[in-house]
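S.K.: return atomic coordinates for the entry below.
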Amino acid sequence: MKRLCIAAVTGVIIALFISACANQPAREPREPLIMLTGREASALFYTNPMGITQIGDPFVLLSGDGHYYMYATSGGGSFTGWRSPDMVNWTRLGVVFQPDSFHWGIGDFWAPEVIFHNGRYYMFFSARWRVGATLRKGVAVSDSPVGPFVDALGEPLFDFGWAAIDGHPFIDDCGTVYLYFARDCSENVVDGIHESHIYVVQLADDLLSVVGEPTFLIRPTQPWEAHGTWRWNEGPWVIKHGGLYYLMYSANYFASREYGVGYAVSDSPLGPFVKSENNPILRAHPGWAHVSGPGHHSVVRSRDGREMFAVYHTHTNVLSPSGNRQMQIDRMGFRDDGTLFINGPSASQMPMPSTEDGFRNMAMEATVEASSARHLEHLLTDGAIGFDPGAPDRDWVSDDRGPQTITLRWDAPIYVTAIMAFPGVGLGAAPIQVRVESVGGAGMEDVIESPPTPGAAAIAAFEPRKTDYVTVTIYPNRDNIPVRMSEIFVLGREVVR
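M.R.: Numbering: from 1, shown residues only. From the prediction side, this is the model:
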């Protein structure tokens, strides 16, 4: 982790004021904030990538033992597993699935996903079948998330007469289990063009057979989903939210910079699904030099259930995209209008995933007041950080000139240990200054001279202070321009009585 005192980004000067108690009268500063540096500050944040390379299609399972388990396309004819207590620091477990020489799969073992059901762990994966060397779906079982997983059938899970990859099991509220998967473009040619399509089929309760025929859901229809004369919709993942089904998927060529993630929405798990006009919601934007090909993701919640993360791969060598990929994680969520967002691909410090006893972003639990643009305050604490230079309408923009004051208030005091201020997108790369003060003490200043990476924040981290409000004053770095802010994070936790 990089040393943290105050990190900053573009386009604004930000002063952060933290009250020791909202109802105390103002007094002369005499007690300085104790700023965190080095290891203490780093414990609050993580930075992508996760340090796991030579993998693809990462899947993370939050197990009942409180640990996260990651499985991925690992190369060769097996799958490797990793374990983590916090989704950031990972320990390699070694091989968790190793088929014997008589296995029905002879190569191309891809995209494992694991589900806990009926007291056992079921791993769905893709492999190349001995019969015709075509791709099919398989399933292996284990009594433990660390394996060993053993093939459950001795043959593919199903055979619909065409290549199938990227299986994603989804349990609906009623208990029905579905398997979403991709009809691979290797054996699917439409009007002379190779295309990958996404289907769904119901699984039996034992997860070892299918019920009925598959249902077609989506095919490549948006320009970003094509690479030359090949087109992809693959790597499906389903989330249910607000009574709707969100079918997330990856598109474009996996070894290209343009690989990314989009989604489609339906009121039924069987469709029809309508693709979002905001696609792709995860990609390497033009001009970015820090990332290539973010995609084939899974979704996992933080241990306390408050946050949702997209786990995905990017190319390890940005200048030479290939099958050598690495794991990254970023927060995701839903806006008030039901649209889905991913806060990434990030390459700067982000808060650690929240836990039952740790610090988390409490800004979304506060009442927000702003000195101007009072109809837009919700954009400051909706959880969505601006990463798309083409979508500045997601930012909070002041409707008058000069400094702007934003106040976040909580119904009861909390302990605050860090504040992150994310400037709006498209502001350029000018240096900024950050000054941190408290009602009871003085602060410090720092100037960041280098341009920021997309999605970076001005960060102040300090010893926890008890308060029921935080005031952020933002100064434009040039005269007579509106202030533009994307998001404010306040890392805090409840006061235990």
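S.K.: list the contacts of the nearest residue to residue 144 once chain neighbours are set aside.
M.R.: Spatial nearest neighbour of residue 144, chain neighbours left out: residue 121 (6.8 Å); criterion: C-beta to C-beta, 6 or more residues apart in numbering. For the C-beta atoms, the positions are set from N, CA and C on the backbone; glycine is no exception. With contact set as C-beta atoms under 8 Å, 6 or more residues apart in numbering, residue 121 has these partners: 114, 115, 141, 142, 143, 144, 145, 149.
S.K.: of those residues, closest to residue 373?
M.R.: Using C-beta to C-beta, residue 115 comes nearest to residue 373 of these, at 45.0 Å.
S.K.: quick one: contacts for the residue nearest to that closest one when sequence neighbours are not counted?
M.R.: Sequence neighbours aside, residue 169 is the residue nearest to residue 115 in space, at 4.7 Å (criterion: C-beta to C-beta, 6+ apart). With contacts defined as C-beta under 8 Å, 6+ apart, residue 169 is in contact with 113, 115, 122, 124, 177, 178, 179, 203, 207.
S.K.: now swap in residue 65 and tell me
M.R.: Contacts of residue 65 (C-beta under 8 Å, 6+ apart): residue 145.
S.K.: pull the most distant pair out of the contacts of residue 169.
M.R.: 122 and 178 (13.6 Å).
S.K.: still on that earlier bit, buried subset of the contacts of residue 121?
M.R.: Neighbour counting with 16 or more other C-beta atoms under 10 Å marks 114, 115, 141, 142, 145, 149 as buried within these.
S.K.: and the strand or helix carrying the first one, which strands flank it?
M.R.: This points to residue 114. Using DSSP states H and E, residue 114 falls within strand 110-117. According to DSSP bridges, strand 110-117 has the following sheet partners: strand 120-128 (antiparallel).
S.K.: in the sheet, who's paired with residue 114?
M.R.: Beta bridges link residue 114 to residue 123, judged by DSSP bridges.
S.K.: surely it meets residue 120?
M.R.: No. Using C-beta atoms under 8 Å as the test, residue 114 is too far from residue 120 to be in contact (10.4 Å).
S.K.: residue contacts, residue 397?
M.R.: 373, 376, 424, 482, 483, 484, 485.
S.K.: let me see the contact set for the fourth one.
M.R.: Meaning residue 482. Contacts for residue 482 were tallied using C-beta under 8 Å, 6+ apart; they are 397, 398, 399, 400, 401, 476.
S.K.: between those, which is closest to residue 188?
M.R.: residue 397 (45.7 Å).
S.K.: state the distance from the closest one to residue 406.
M.R.: Here residue 397 is placed at a distance of 13 Å from residue 406 (C-beta to C-beta, to the nearest Å).
S.K.: who touches both of the two?
M.R.: Going by C-beta under 8 Å, 6+ apart, residues that sit against residue 397 and also against residue 406 are residue 485.
S.K.: residue 491 contacts residue 358, doesn't it?
M.R.: No. Using C-beta under 8 Å, residue 491 makes no contact with residue 358, being 9.2 Å away.
S.K.: between these two, which one's more packed in?
M.R.: residue 491 (24 against 17; other C-beta atoms under 10 Å).
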